[in-house]
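Asker: Just the structure for this:
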Amino acid sequence: MVAPQSASHVVVLGCGIAACALAVHLRALSLEVTLLERPDAIDHDRVETIAPYALQLLEQLGLKAAFLDWPEKSAQDKAIVAWQDASAEEVYNPFNPYGPRWHVRRQSFARFLRRAALKSGAIIEKRGGLLTELRQLAARPAWARPFLVDASGRAAHLARALGATSDRFDTTLSLTTEFLDRAADPGLLVEATRAGWWYSAGDGHGHLSSMVTTTAARVVALRRAGATPDAIWMGLLALSPLTRARHSSAERIGRVRIVASAPWALRNPEGACWIAVGDAAFAADPLASSGVAFALESGLRGGQHIKNTSAGETDCISGYASFVAEALASHLQQRRYYYETSAFEASPSGRIQSVQNKS
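Answerer: Predicted coordinates for the structure are as follows:
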């Protein structure tokens, strides 16, 4: 069990991108940090698009040079977009001050950050029974417990165990799978149809991730009618000429998975001696391609919040919560605009659905 210590010792539930970014920053701030990884933790691999400004965040973490030297990435300065109708448009970003977008495999990038966290002096432990242990720590007086961080993704296990509640914005679901095509263009392809919208991107090394986002009502109705995830996928693919053409010569190497994709956020991502970072605080619609960048930035902001808290600056609490709230509000505004201008007939309603706390 983690020994009770002051806020100068930080215990993190999770070992993904946000957790490792936080650990690197905390070590730079001279705080002790232990990352706790559940032995049954699953982070499904996929190709992620990293927003250009993430390079600035990596620089703040002291990892820019290492990232630029890292071979498991692909720089992309254009995308093919068919958003309002079937006509495709090439979109370039050669003048972005932060440079190109980056395509990486999520698990590879997480390993890159994990190595950086270990090199910085963070401790990583893998074991079961973590929630029970963390609840016991949280029940101790503030002076006798470490600062706790939830980095367990959309599940937000620790935050929920501490009584936090959350909101889900709309009810979209996504179906996702992986392909292998050594000759494929790794560029980003976004295609909207009446039934949903598609995202596909390669890592520059032959792997291609593909995902379609549609309404939960459509998926549930088809599942109740006996359709398998594969059958739903193929039915939606038949309505998507550009994505269908891209996959025509590719070999599918993964099963079709149904995953949550609607924006989601904790009502309050911090509390007495705890915060949530990454997807445990706020998870964006995958259309934004902002999940990795937010994970990095929440690690930086969260680390500074913890440092300030350990120094007795209690007014910093609202600063971290405001950062998450502003990221959520900006995302929802942009999401509504893009969905309303797309060919996707079921534009998000903006309806908020309360997600009840589960202990």
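
Asker: what about the longest helix in the chain?
Answerer: helix 317-340 (DSSP state H).

Asker: That helix: how far from the chain's middle?
Answerer: 15 Å (C-alpha atoms, centre = their mean, to the nearest Å).

Asker: any residues touching it, and which ones?
Answerer: Contact partners of helix 317-340, identified using C-beta atoms under 8 Å, 6 or more residues apart in numbering, comprise 83, 169, 263, 265-266, 268-270, 275, 281-282, 284-285, 287-288, 290, 294, 297-298, 301-302, 305, 309, 347-348, 350. C-beta here means a position set from N, CA and C on the backbone, and glycine is covered the same way.

Asker: Which members of these are positioned in helices?
Answerer: 294, 297-298, 301-302, 305, 309.

Asker: Mark which of the contacts of helix 317-340 are buried, thanks.
Answerer: Neighbour-count burial (16 or more other C-beta atoms under 10 Å) applied to the contacts of helix 317-340 gives 83, 169, 263, 265-266, 268-270, 275, 281-282, 284-285, 287-288, 290, 294, 297-298, 301-302, 305, 309, 348.

Asker: neighbours around the nearest residue to Gly202 once chain neighbours are set aside, how many?
Answerer: Excluding the flanking residues, the one nearest Gly202 by C-beta to C-beta, 6 or more residues apart in numbering is Pro186, at 3.0 Å. By other C-beta atoms under 10 Å, 19 other residues sit near Pro186.

Asker: before we move on, what about Ala192?
Answerer: So Ala192, with other C-beta under 10 Å, has 24 neighbours.

Asker: The helix or strand containing it pairs with which strands?
Answerer: Element membership for Ala192, per DSSP states H and E: strand 188-193. Using DSSP bridges, strand 188-193 pairs in its sheet with strand 78-82 (parallel), strand 196-202 (antiparallel).

Asker: Export those as CSV, with columns for mean neighbour count, distance to Leu328 and mean pLDDT.
Answerer: Shown next, in CSV, are the strands paired with strand 188-193 (neighbours: other C-beta atoms under 10 Å; distance: least, C-beta to C-beta, whole Å; pLDDT from 0 to 100):
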stretch, mean neighbour count, distance to Leu328, mean pLDDT
strand 78-82, 18, 25, 86
strand 196-202, 25, 21, 92
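
Asker: can you redo those as a markdown table with distance to Gly16?
Answerer: Converted to a markdown table, those look like this (distance: least, C-beta to C-beta, whole Å):
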| stretch | distance to Gly16 |
| --- | --- |
| strand 78-82 | 26 |
| strand 196-202 | 20 |
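
Asker: closest one to Leu173 among those strands?
Answerer: strand 196-202 (9.4 Å; C-beta to C-beta).

Asker: The next helix or strand after that closest one pairs with which strands?
Answerer: Once strand 196-202 ends, the next helix or strand along the chain (criterion: DSSP H and E) is strand 207-215. Applying DSSP bridges, strand 207-215 is found paired with strand 172-180 (antiparallel), strand 196-202 (antiparallel).

Asker: Using PDB, list the CA coordinates for stretch 217-225.
Answerer: What follows is stretch 217-225, C-alpha atoms only, in PDB (Å, rounded to 0.1, in the frame of the first residue of the first chain):
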ATOM      1  CA  ALA A 217     -30.300   5.200 -31.500                       C
ATOM      2  CA  ARG A 218     -29.100   3.800 -34.900                       C
ATOM      3  CA  VAL A 219     -26.600   1.400 -33.300                       C
ATOM      4  CA  VAL A 220     -29.000   0.200 -30.600                       C
ATOM      5  CA  ALA A 221     -31.800  -0.400 -33.000                       C
ATOM      6  CA  LEU A 222     -29.600  -2.400 -35.300                       C
ATOM      7  CA  ARG A 223     -28.200  -4.400 -32.500                       C
ATOM      8  CA  ARG A 224     -31.600  -5.200 -31.200                       C
ATOM      9  CA  ALA A 225     -32.500  -6.400 -34.700                       C
END
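
Asker: Buried residues, it. List them.
Answerer: Neighbour counts over stretch 217-225 (16+ other C-beta under 10 Å) mark 218-219, 222 as buried.

Asker: Looking at those, spot the one nearest Glu178.
Answerer: Using C-beta to C-beta, the buried residues of stretch 217-225 come closest to Glu178 at Val219, 19.5 Å.

Asker: Excluding chain neighbours, what is closest to the closest one?
Answerer: Leu173 (4.9 Å).

Asker: One more: Thr176?
Answerer: Met211 (4.0 Å).

Asker: Is it possible to get a markdown table of the strands paired with strand 207-215 that adds distance to Ala51?
Answerer: Formatted as a markdown table, those follow (distance: least, C-beta to C-beta, whole Å):
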| stretch | distance to Ala51 |
| --- | --- |
| strand 172-180 | 19 |
| strand 196-202 | 13 |
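
Asker: out of these, which comes closest to Glu125?
Answerer: strand 172-180 (29.9 Å).

Asker: Now that closest one: buried residues?
Answerer: By neighbour count on 16+ other C-beta under 10 Å, the buried set for strand 172-180 is 172-179.

Asker: what does stretch 332-342 give?
Answerer: Quick answer for stretch 332-342 (16+ other C-beta under 10 Å): 332, 335-336, 338-339, 342.

Asker: Ala311: how many residues sit nearby?
Answerer: Ala311: 11 neighbours (other C-beta under 10 Å).

Asker: Relative to Gln304, how far out is it?
Answerer: Here the distance between Ala311 and Gln304 works out to 11 Å (C-beta to C-beta, to the nearest Å).
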